[in-house]
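Trainee: Pasted the sequence and its predicted model underneath.
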Amino acid sequence: MNRKRESRTKRDEKLFYIDALKSEQCQCERQKKRGRAFCYRCYIRLPRDLRDELYRPVGAGFEAAYDASCRFLYD
């Protein structure tokens, strides 16, 4: 049962990031393009290394890059 619960949690987390990419609204509440993590204004404020990390696939590093970018921009 723990494996099912654990895999469901990981799937739910992955869906959160997929939904963020599908959304047309940035975390700052401005419009953004679907498939992009952030609107242009937020994206351009990120350091180059974080911007590059956002091109990783979900499940292969995108999640950590997205979280780090949110902390950089909004904390």
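Mentor: Yes, it's here.

Trainee: Check the gap between the residue lying closest to Tyr40 once chain neighbours are set aside and Cys26 for me.
Mentor: Nearest in space to Tyr40, with sequence neighbours left out and distances taken as Cβ to Cβ, 6 or more residues apart in numbering, is Lys32 at 7.6 Å. Bear in mind the C-beta positions are built from the backbone N, C-alpha and C, glycine included. Going from Lys32 to Cys26 by Cβ to Cβ, to the nearest Å gives 4 Å.

Trainee: What of Thr9?
Mentor: 26 Å.

Trainee: Which pLDDT value does the model give Arg8?
Mentor: pLDDT, Arg8: 58.

Trainee: got it, and the one 5 residues further on?
Mentor: Predicted confidence (pLDDT) for Glu13: 86.

Trainee: Now do the same for it: helix, strand or coil?
Mentor: Following DSSP: H, G, I helix; E, B strand; the rest coil, Glu13 is assigned to helix.

Trainee: ok, now which ones touch the closest residue to it other than its chain neighbours?
Mentor: In this structure, Glu13 finds its nearest non-sequential neighbour in Glu63, 7.1 Å apart by Cβ to Cβ, 6+ apart. Glu63 is in contact with 13-14, 17, counting by Cβ atoms under 8 Å, 6 or more residues apart in numbering.

Trainee: low pLDDT regions in this structure?
Mentor: 1-8 (pLDDT under 70).

Trainee: Brilliant, that's me finished.
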